[in-house]
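K.L.:
whatever this is, show me its structure:
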Amino acid sequence: EIERAGKRAGIALNPETEMAAVLPYLERVDMVLVMTVHPGWGGQLFIDEVLPKMESLRAEIDRRRLEVEIGVDGGVNLETIGRAHAAGGEVLVTGSALYSTDGDLASTVAALRSAALERPGPDIDAERT
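P.N.:
Numbering: from 1, shown residues only. I've put the predicted structure just below:
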């Protein structure tokens with residue numbers, strides 16, 4: 001139904017939710033959005049304890065040879081984006097990091113992209129940055 005409408009399916013995984021909760025749905029989604037903060041408001045600190053869950057999720061997606069992206073949302077900034085990317089994040093949501101700087105937006109995006117790519121991880125689509 002979703003594909004027929006020309007849309008992509010996704011599922012979100014909160015920090016406290018076990019990865020096993022999404023495993024039965026991996027063949028049916030295009031993206032798993034891993035929340036690295038508790039949803040509700042911006043500016044929260046990145047929860048590093050979620051990173052092993054992301055690494056396991058990336059390994060399971062690869063093991064099944066699926067084309068499922070891992071998105072990361074919450075507390076992603078210059079200090080955390082490399083860790084999120086290295087753990088398997090491909091779509092890195094940087095809301096507060098973009099709009100809480102004094103620099104221009106293009107420079108901030110370039111710095112975030114550079115920081116993400118300093119650590120090995122999946123390909124990042126340049127058109128989305």
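K.L.:
buried residues in stretch 31-41?
P.N.:
Residues of stretch 31-41 classed as buried by neighbour count (16 or more other CB atoms under 10 Å): 31-37. For the C-beta atoms, the positions are set from N, CA and C on the backbone; glycine is no exception.
K.L.:
contacting residues for residue 95?
P.N.:
Residue 95 makes contacts with 42, 73, as judged by CB atoms under 8 Å, 6 or more residues apart in numbering.
K.L.:
repeat that for 7 Å
P.N.:
residue 42 (CB atoms under 7 Å, 6 or more residues apart in numbering).
K.L.:
what backbone torsions are found at it?
P.N.:
With angles defined as degrees, to the nearest 10, residue 95 sits at phi -50, psi -70.
K.L.:
so how far is residue 24 from it?
P.N.:
As judged by CB to CB, to the nearest Å, residue 95 and residue 24 stand 30 Å apart.
K.L.:
what do you get for residue 112?
P.N.:
On the measure of CB to CB, residue 112 and residue 24 end up 33 Å apart.
K.L.:
just how off-centre is the helix or strand bottoming out on mean pLDDT in the chain within its chain?
P.N.:
One helix or strand of the chain scores below all others by mean pLDDT, DSSP states H and E: helix 95-99, with a mean of 81. Here helix 95-99 is found 15 Å from its chain centre; the criterion is CA atoms, centre = their mean, to the nearest Å.
K.L.:
residue nearest the middle of the chain, spatially speaking?
P.N.:
Using CA atoms, centre = their mean, the residue of the chain that lies closest to the mean C-alpha position is residue 72, 2.0 Å off.
K.L.:
which of the three states applies to it?
P.N.:
strand (DSSP: H, G, I helix; E, B strand; the rest coil).
K.L.:
state the pLDDT value of it.
P.N.:
On the pLDDT scale, residue 72 is placed at 96.
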